[in-house]
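Q: Kindly return the folded structure for what I paste below:
(one chain, ligands or ions: 1)
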Amino acid sequence: MHIGIIGAGHAGVEAARVAREAGAAVTLFSAEDVLPYYRPRLVALAFGHAELSGIQLRPADWYTAQGIELRLNAPVTALDLTNRTVEAGGVTQRFDGVIVATGALPVLPPFAREGSPAVWPLWNAEHARRIRSRVRPGGQVVVVGGGILGIESALRGLDAGMEVTIVELMDRLMPAQFGARASVVLLRRLQDRHIHVILGHGVKAVSADPQTARLTLDDGHTLEAELCLVSVGSRPDTSLALLAGLDAGRGIVTDHFLQTRFAGCFAAGDAIQLEGLARCSMKEATTQGKVAATNLVAFLEGRSLQFYQAETSPLSFRAKDFEIYSIGHPGGVGYEDHLLDGSTESVIRTLVMKDGIPLGVQMIGSREGFDEYAAAVKRGHA
Ligand SMILES: Cc1cc2nc3c(=O)[nH]c(=O)nc-3n(C[C@H](O)[C@H](O)[C@H](O)COP(=O)(O)OP(=O)(O)OC[C@H]3O[C@@H](n4cnc5c(N)ncnc54)[C@H](O)[C@@H]3O)c2cc1C
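A: Below you'll find the predicted structure:
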């Protein structure tokens, strides 16, 4: 039994491990030219707080020892799911089963698509390398996007000795996770560290000057920085899946066994949508990689498949004395927002409820009781 796995991120590497353990021969295709790594550590890598060798998922000899054929720098360019063939680097291979784990891509607003060497998203090791070449103490970085990745980038930039500005289109930080009260505390904490935050404005244009990014905001204001880091979200990478005829809306469509509509083709990780939702979570991608491999082997051996139950993962971020935790609904009109014990000027603990049911919890600066509230929120969503 020979299994081809496309994409060597968290889902793909875990799928390879599990398939190999189950006795399959495994070929793992990676579009990148470096060993698979912990993607969440890219921010540390980009700002010089980690090295690529220190963030690898597995050492090079692990793949050899496991008998996994890892093909780096081998983007899969064609996938024929009727004949189960995969083409990469001009070579076509036939497999008994295939797992598509192509991950996600950063969303790029038009100003970020013009190829300015000062403007980068942060989604892979090459982006981190490009960003790092522009990081220097005393330099300026503008982070476009006030989500968790933007905030981590801002804090890392600050630690690298840079002057940092965050530009967020919405009127509050982390709008997808935080209600107004928690966002205000977050804003205050960033401002206390001399991070400049501009809310309620978007970037309209960026000049293509190779040395400096000159940003024009929608109100005409301009900003200059050696580095503009764009962090405005991600979307499943369905390009290959669509070419191969797989169903893909928000992501590759799978059932609860992580099967696609083609027999013998499973999918896992950020690339998929389940129950109409695309998720972006290392933990879920890893679990899905495991389930997809287990199920593909079971399918090929004619055994019954394991049901995959999607879980709402909490957001958990810690950097020095900066702690952010959230799960569930951010709240707003129509929701009750309860302040929990222990909230102060700089610490916030809120519970979002509707009709007496806990639907979200947000904490900054304190983690006390988070797991219990998160469990209640998960029950509330069930
Ligand atoms: C900067 C950053 C910080 C993050 N922080 C967190 C965090 O704190 N917590 C958390 O849970 N999640 C975090 N995430 C999200 C997390 O990294 C993803 O959910 C996880 O990487 C998804 O794993 P995956 O295997 O589905 O995809 P990926 O890890 O993205 O791997 C997909 C791989 O497939 C490759 N690929 C795509 N197309 C092809 C092709 N045609 N042929 C061959 N290879 C291909 C890609 O190049 C990529 O290497 C972060 C992401 C980023 C970018």
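
Q: Write out the residues of this structure neighbouring the ligand.
A: By C-beta under 6 Å from any ligand atom, the part of the chain that sits against the ligand consists of 6-12, 29-32, 39-40, 42-43, 75-76, 101-104, 122-123, 149, 237, 240, 269-271, 280-283, 285. All C-beta atoms are positioned from the backbone trio N, CA, C, and that covers glycine.

Q: Now which of those would you call buried?
A: 6-12, 29-32, 39, 42-43, 75-76, 101-104, 122-123, 149, 237, 240, 269-271, 280-282, 285 (16 or more other C-beta atoms under 10 Å).

Q: Just want the residue of the stretch 151-300 of the chain that's nearest the ligand.
A: For the stretch 151-300 of the chain and the ligand, the shortest gap (C-beta to the nearest ligand atom) falls at residue 269, measuring 2.2 Å.

Q: Name all residues that make contact with the residue nearest to that residue when sequence neighbours are not counted.
A: Once flanking residues are discounted, residue 269 sits nearest to residue 11: 3.0 Å by C-beta to C-beta, 6 or more residues apart in numbering. For residue 11, the contacting residues are 99, 101, 103, 268, 269, 270, 271, 285, 286, 288, 289, 292, by C-beta atoms under 8 Å, 6 or more residues apart in numbering.

Q: helix/strand/coil for the residue nearest the centre of the chain?
A: The centroid of the chain falls nearest to residue 280 when counting by C-alpha atoms, centre = their mean (4.8 Å). Taking DSSP: H, G, I helix; E, B strand; the rest coil as the rule, one finds residue 280 in the coil state.

Q: mind listing what it touches?
A: Contacts of residue 280 (C-beta under 8 Å, 6+ apart): 104, 234, 270.

Q: How is the protein divided into domains?
A: Per automatic domain parsing, the structural domains of the chain span 2-105+234-300, 108-230, 316-381.

Q: Could I get the phi/psi values of the residue nearest to residue 269?
A: phi -70, psi -50 (degrees, to the nearest 10).

Q: Ok, the one 10 residues further on next?
A: Dihedral angles phi and psi of residue 21 (degrees, to the nearest 10) take the values phi -60, psi -30.

Q: ok, it to the ligand distance?
A: Using C-beta to the nearest ligand atom, to the nearest Å, we find residue 21 at a distance of 18 Å from the ligand.

Q: For stretch 16-29, list every residue counted as buried.
A: Residues of stretch 16-29 classed as buried: 16, 17, 18, 19, 20, 22, 24, 26, 27, 28, 29 (neighbour count, 16+ other C-beta under 10 Å).

Q: Thanks again, I'm all set now.
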